[in-house]
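Enquirer: Got a sequence here, can you model it:
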Amino acid sequence: MLTDTIIEDDRWQSLDISSLAETAARQTLTHLNLDPNAFEIAILACDDARISELNTEFRDKPTPTNVLSWPSDERASSTDGAAPQKPTLPMDAELGDIAISYDTCERESCAADKSMSNHVTHLVIHGVLHLLGYDHIRDLDATLMEETEVLILGTLGIDTPY
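Expert: Predicted coordinates:
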């Protein structure tokens, strides 16, 4: 398994977050020509209270958010809009950790009139891309990340969220 999902909030069980995260992460790596069987990602399926604690601790933002990522290594390109460095094996087999909040995902999917499953799939892809060095702080990096997300979502039959 590429992903190891820790479920802290039982509501995630109804969505089968373990399978959903595995599929989204595998598709992301496959799309980027990386072997999903060579890597590991930890997923924490939690609630707003827990993700708020993590957001406060790691980003000094005392609010809940939908998804957080902790890459095991810095892979971002120094050039705005350029693809990040690919992880090298076996040293970079552990890509990092992702936390995702049920409460925020549910609110966002309802507000956007999207299925929870499609929204969470998008956010897992988003988180995995962060682990791989993609970001959205600089404009061209954001464009690259969004375009990559849309392409991956398309391979899963999910419409663009943008």
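Enquirer: Going by C-alpha atoms from here, please, whenever you check contacts or count neighbours.
Expert: Noted.
Enquirer: Helix or strand: which one has the most centrally placed residue in the chain?
Expert: The C-alpha lying nearest the average C-alpha coordinate of the chain belongs to Gly127 (CA atoms, centre = their mean; 1.8 Å). Assessed by DSSP states H and E, Gly127 sits inside helix 116-131.
Enquirer: Just the buried positions in that helix, please.
Expert: By neighbour count with 16 or more other CA atoms under 10 Å, helix 116-131 contains the buried residues 116-131.
Enquirer: Over to stretch 94-102?
Expert: Per 16+ other CA under 10 Å, stretch 94-102 contains these buried residues: 94-102.
Enquirer: Next: stretch 12-23.
Expert: So for stretch 12-23, counting by 16+ other CA under 10 Å, buried means 12, 17-18, 20-23.
Enquirer: Stretch 55-69 too?
Expert: Result for stretch 55-69 [16+ other CA under 10 Å]: buried residues 55, 64-69.
Enquirer: Nearest to Tyr162, out of those residues: which one, please.
Expert: Asn66 (16.2 Å; CA to CA).
Enquirer: what's the distance between that closest one and Cys46?
Expert: 10 Å (CA to CA, to the nearest Å).
Enquirer: which neighbours do these two share?
Expert: 100-102 (CA atoms under 8 Å, 6 or more residues apart in numbering).
Enquirer: Can you tell me how far Asp73 is from Thr121?
Expert: In terms of CA to CA, Asp73 sits 23 Å off from Thr121.
Enquirer: my bad, should have said Asp10
Expert: Counting by CA to CA, the gap from Asp10 to Thr121 is 18 Å.
Enquirer: same deal with Leu140?
Expert: In terms of CA to CA, Leu140 sits 23 Å off from Thr121.
Enquirer: residue ranges for the helices of this protein, please.
Expert: Here the chain has its helices, by DSSP state H, at 17-31, 48-59, 102-111, 116-131, 139-155.
Enquirer: closest to Ile6 out of those?
Expert: Closest among the helices of the chain, using CA to CA: helix 17-31, at 8.4 Å.
Enquirer: Compute the inter-axis angle for that closest one and helix 116-131.
Expert: 50 degrees (axes from the mean of the first three to the mean of the last three CA atoms, to 10 degrees).
Enquirer: outside of helix 17-31, which residues touch it?
Expert: By CA under 8 Å, 6+ apart, helix 17-31 touches 1-5, 35-36, 43, 45, 117, 121-122, 124-125, 128-129, 152, 155-156.
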